[in-house]
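Participant: Give me coordinates for this.
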Amino acid sequence: MDKAIPIQTFIREIRGRKVMLDSDLAALYQVETKVLNQAVKRNIGRFPSDFMFQLDPEEWETLRSQIVTTKTDEKRGGRRAAPYAFTEHGILMLSSVLKSDIAIDVNIKIMRVFVQMRQYALSQTDTSGQIVELRRLLLLYIDRNDKRVDDILRVLNSFIASPPKTKPIGFRANHEDTGKTPL
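Facilitator: Numbers count the residues shown, from 1 in each chain. Presented below is the predicted three-dimensional model:
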């Protein structure tokens, strides 16, 4: 795993939760994905469903199309099972399962990123008010323009229903009006 890649790039939103995938965590911890998953399975009691869950086939397919990959484990020709997603609490629990110095260091960094993201989200208190105001303005704009469009359609429909009378133009005059015979 390239150390220059920020941890934030590995945090995804799945099922309305901020999570990291087992393969991304394994790369950060510098272990194979299967080693990480085996350690989790040996300690499955530490990982309830709000700490870790496995992606369903539809979620996995959607995620694969977003990250444009078909093979995540080149040695075996791709994953055989959908990945596990770990919430912030699940990642924290991994530090008690993976006891290497690298795992502890990476976990500390990941926890700091989650804290920064939460602090940023909490600092954006005014955005909901701005969204409400933008929605109000948009609805007002639509309402005003809908009336204008309705007026235009009403006029067009009246023209279709009863087109205005026009005088003929050109050399084809009505011979009965002039008393002359046409040429």
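Participant: what are the ranges of the strands in this protein?
Facilitator: Secondary structure of the chain (DSSP state E): strands at 12-14, 17-21, 52-54, 84-86.
Participant: highest average neighbour count across the ones you listed?
Facilitator: strand 84-86 (a mean of 24; mean count of other CB atoms under 10 Å). Yep, even glycine has a C-beta here, placed from its N, CA and C like the rest.
Participant: Please list the outside residues in contact with it.
Facilitator: Applying CB atoms under 8 Å, 6 or more residues apart in numbering, the set of residues contacting strand 84-86 from outside is 12, 14-15, 17, 19-22, 25, 37, 40, 47, 51-55, 94.
Participant: cutoff 6 Å now
Facilitator: Applying CB atoms under 6 Å, 6 or more residues apart in numbering, the external contacts of strand 84-86 come out as I14, V19, M20, L21, D22, M52, F53, Q54.
Participant: Partner strands of it and their direction?
Facilitator: Strand 84-86 has the following strand partners under DSSP bridges: strand 17-21 (antiparallel), strand 52-54 (antiparallel).
Participant: next one: the first one to chain centre, how far?
Facilitator: When distances are taken as CA atoms, centre = their mean, to the nearest Å, strand 17-21 is centred 14 Å away from the chain's centroid.
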